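A.B. asks: generate a structure from the sequence data that follows.
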Amino acid sequence: MDSSNRTVSFAAPRGFGTTLKSDLKETFFPDDPFKQFENQKPLGKVKKGLQYLVPICKWLPKYSLKTFQYDVLAGITITSLAIPQGISYAKLGQVPPIVGLYSSFVPPIIYAIFGDSKYLAVGTVAACSLLIAEIIGEVASPKTEPALYLHLVFTATFVTGIMQTLLGVLRLGILVDFLSHSTITGFMGGTAVIICLQQLKGLLGLKNFTTKTDVVNVLKSVFEHRKEWRWESAVMGIIFLILLQFTRWLRDRKPKLFWVSAMSPLVVVVSGCLFAYFVHAQDHGIPIVGELKRGINPPSIQFLNFDRKYFPQIVKAGAMTGLIALAEGIAIGRSFGIMRNENVDGNKEMVAYGLMNIVGSFTSCYLTTGPFSKTAVNYNAGAKTPMSNAVMAVFMGLVLLFLAPLFSYTPLVALSAIIMSAMLGLIKYEEAIELFKVDKFDFVVCMAAFFGVAFISMDMGLGLSVVLGLVRALLYVARPGTCKLGRLPDSVLYRDIEQYPDAARNSGIIVLQIGSPIYFANGNYVRERILRWVRDEQSHLKTTGDELEHVMLELSGVVTIDMTGLETMKEINKTLTARDVKLGIINPRLKVMEKMITSHFIDKLGKENVYLSIEEAIENCKFSTSKPKKTTNESGDSSKGAGDASDDASQQV
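C.D. replies: Purely as a prediction, here's the structure:
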């Protein structure tokens, strides 16, 4: 149908219930999960619901032996990485090394049931381990009060699990979005730097070391205790570090040899254990992990501590590490899913993370999520389903039952080398350079997180970066984009004249486009910016002897408007009317039109001044401006030409 035959819809606004339902759906259910239940019988709805809430019910019935073969290989491969990482990151978190192994037994089973990503491999992560140690360490010392400290770590893990589950159930993943890519890049980079520096304690064989995490205090502590440096430990650590970095380089050069890099941490641990056992490394200043008890996870629910004295720090640790774990895990799961054109539901992932941390806190585990290194190995090893996590859990259970004591001879310097090698890969300097080239403010946000974490503290660095990100978001809100439109040559398209300088202008008519909601935060700016466009246009037209008669506002980008925005529109209309300039609006969205009708703004503006398209508005304006111009008599009174009487009728839509 010809667009000229269409008219603007002035239908009565929808009822409150209808608009509320629509708003809630767009806010909490943008993926429309209920669509799959349409046209289903009751039994079918139950089946679909179970598959949606428990993803294993969706893929397990179609599971095959061939797929299982791939998952077994991937599960064995990530187990080899989980053992050294579990012990290493437990050391970072100041918890017993065996707890790191426990954390790769129970949580992966929970994720295999509820997880939505086929490739994510569950485990502990360095950044969250260090952050837990820093926050909980403020109220309980892991050295003088090890039992209390460990119980508070379990409690913080429980709080993390509750928070993550609630975010998933209430579909509030939007909160995680405040941790932008630039914030995560800077935070991970800064964390990697301080973790690497902290490993100088193990690398140099130091016995005394600072509990602070910033660069200045760590370096100060290293040099204050230089009398404790042991060359034997340093040589061993450097050899291990060179080996690990070589395998990473080999993996980057030849991706098919990824398994060499994946196995190298276990090789380092095993060779370190053999060396420490046969040469009695402890007698030569090379400390070892110490006793690791045989047996699977003991219950820890009875140790959860909600004492008011410690609760604020518990909540702080749980909330901060929980959000970081969610942002990192979901981003990693989605990244690897995109490689195979597969979608990962962020809300399901949050529920899965929450459940595995709740159950983990009951079974002597601390915070787990989806680490990048282990997930990359899982993906490259050919994992097809979350079953690879269950396979890892089975083999980790066998290690805990039969082999755990063998790892008690692991030299701490070997763990330090493993951690340093992993952290060097988290310093994304190339991404920082790219941020500087593309978006300077994003670069500032990234650097705020990096230097804040490195030189102040982890929570302050993260907080500073998030605040800067929010400031930027508020600037976008308070200063929405507006532009003047012109017609491209030989077309009916209207585009920004700043971007397309050859776009034709219409004398006496100005078309302005507003690109965001109009509400209390930006109403004043929108009014002032529009009036400035008008003043500039009037100044330009004076040089040609023409007058500005029409201002058209293209509102297709304005998704909503509040009472302040409506008052803004009324003020703009009054100001323009006083200057003998007519206001028109083009293509208002449904919500905007409903509020304009309810507030009677459309009645004041006139339905004839509402248009479907820019082309229609321009044609109507040209017709109405074809009348004789106003003339001024000697007394200064202005009079209209006879053609003005039909002006209103000519503008009917």
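
A.B. asks: mean confidence for the helix or strand harbouring K374?
C.D. replies: Here K374, judged by DSSP states H and E, is contained in helix 372-380. Helix 372-380 shows a mean pLDDT of 80.

A.B. asks: what's the answer for stretch 543-559, then?
C.D. replies: 88.

A.B. asks: how far is it from where the chain is centred?
C.D. replies: Distance of stretch 543-559 from its chain centroid, counting by C-alpha atoms, centre = their mean, to the nearest Å, is 39 Å.

A.B. asks: go on, stretch 191-199?
C.D. replies: On C-alpha atoms, centre = their mean, the centre of stretch 191-199 falls 24 Å from the chain's centre.

A.B. asks: in that stretch, what's buried?
C.D. replies: Within stretch 191-199, the residues scored as buried using 16 or more other C-beta atoms under 10 Å are T191, A192, V193, I194, I195, C196, L197, Q198, Q199. For the C-beta atoms, the positions are set from N, CA and C on the backbone; glycine is no exception.

A.B. asks: name the element the fourth one belongs to?
C.D. replies: Under the assignment given by DSSP H and E, the secondary-structure element containing I194 is helix 181-198.

A.B. asks: after that helix, next one along is what?
C.D. replies: helix 200-204.

A.B. asks: packing partners for that next one?
C.D. replies: Applying 3 or more C-beta pairs under 8 Å, 6 or more residues apart in numbering; DSSP states H and E, we find helix 200-204 packed against helix 215-224, helix 231-253, helix 412-424.

A.B. asks: hey, which of the ones you listed is tucked in deepest?
C.D. replies: Mean neighbour count, computed with mean count of other C-beta atoms under 10 Å, is highest for helix 412-424 among the helices and strands packed on helix 200-204, reaching a mean of 26.

A.B. asks: now do the helix or strand following that one, average pLDDT.
C.D. replies: Per DSSP H and E, helix 412-424 leads on to helix 429-438 as the next helix or strand towards the C-terminus. Averaged over helix 429-438, pLDDT sits at 89.

A.B. asks: enumerate the positions of helix 429-438 that are buried.
C.D. replies: Neighbour-count burial for helix 429-438 flags E431, A432, L435 (criterion: 16+ other C-beta under 10 Å).

A.B. asks: just the CA coordinates for that helix, please, in PDB.
C.D. replies: Only the C-alpha atoms of helix 429-438 are listed here, as PDB (Å, rounded to 0.1, in the frame of the first residue of the first chain):
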ATOM      1  CA  TYR A 429      48.100  -5.000  26.800                       C
ATOM      2  CA  GLU A 430      46.900  -5.300  23.200                       C
ATOM      3  CA  GLU A 431      43.300  -4.800  24.300                       C
ATOM      4  CA  ALA A 432      44.300  -1.700  26.300                       C
ATOM      5  CA  ILE A 433      46.000  -0.300  23.200                       C
ATOM      6  CA  GLU A 434      42.900  -1.100  21.200                       C
ATOM      7  CA  LEU A 435      40.800   0.700  23.800                       C
ATOM      8  CA  PHE A 436      43.000   3.800  23.500                       C
ATOM      9  CA  LYS A 437      42.700   3.900  19.800                       C
ATOM     10  CA  VAL A 438      38.900   3.300  19.600                       C
END
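
A.B. asks: and that helix, how far out from the chain middle?
C.D. replies: Distance, centroid of helix 429-438 to centroid of chain: 18 Å (C-alpha atoms, centre = their mean).

A.B. asks: over to stretch 321-336?
C.D. replies: For stretch 321-336, the distance to the chain centre is 8 Å (C-alpha atoms, centre = their mean).

A.B. asks: those strands in this structure, which residues are they?
C.D. replies: Along the chain, counting by DSSP state E, strands occupy 482-487, 494-496, 509-514, 550-554, 582-586, 610-611, 631-632, 638-639.

A.B. asks: distance to G360 for the ones you listed - can I get that in CSV?
C.D. replies: Output for the strands of the chain, formatted as CSV (distance: least, C-beta to C-beta, whole Å):
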stretch, distance to G360
strand 482-487, 51
strand 494-496, 53
strand 509-514, 49
strand 550-554, 54
strand 582-586, 56
strand 610-611, 58
strand 631-632, 83
strand 638-639, 80
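
A.B. asks: any chance of these in CSV, with mean neighbour count and distance to R14 too?
C.D. replies: Formatted as CSV, the strands of the chain follow (neighbours: other C-beta atoms under 10 Å; distance: least, C-beta to C-beta, whole Å):
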stretch, mean neighbour count, distance to R14
strand 482-487, 20, 29
strand 494-496, 18, 30
strand 509-514, 22, 23
strand 550-554, 24, 23
strand 582-586, 22, 20
strand 610-611, 23, 18
strand 631-632, 10, 48
strand 638-639, 9, 44
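
A.B. asks: mean pLDDT lowest where, among the ones you listed?
C.D. replies: Taking the mean pLDDT of those, strand 631-632 comes last: a mean of 34.

A.B. asks: contacts for stretch 378-387?
C.D. replies: 55-56, 59, 63, 67-68, 70-71, 73-75, 77-78, 111-113, 115, 117-121, 255, 258-259, 262, 336, 339, 388 (C-beta atoms under 8 Å, 6 or more residues apart in numbering).

A.B. asks: repeat the analysis, applying 6 Å as the threshold.
C.D. replies: Outside stretch 378-387, the residues that touch it by C-beta atoms under 6 Å, 6 or more residues apart in numbering are 59, 67, 70-71, 73-74, 77-78, 112, 115, 118-119, 121, 258, 336, 388.

A.B. asks: mean confidence score for the helix holding I194?
C.D. replies: 84.

A.B. asks: tell me the contacts of A478?
C.D. replies: A521, N522.

A.B. asks: just to revisit the earlier point, could you dump the helices and strands packed on helix 200-204 into CSV and include mean pLDDT and distance to M396?
C.D. replies: CSV is the format used below for these (pLDDT from 0 to 100; distance: least, C-beta to C-beta, whole Å):
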stretch, mean pLDDT, distance to M396
helix 215-224, 86, 32
helix 231-253, 87, 22
helix 412-424, 82, 17
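
A.B. asks: how about those, which one is nearest F154?
C.D. replies: Proximity to F154 (C-beta to C-beta) singles out helix 412-424 among the helices and strands packed on helix 200-204, at 22.2 Å.

A.B. asks: if anything else comes up later, I'll come back, but that's it for now.
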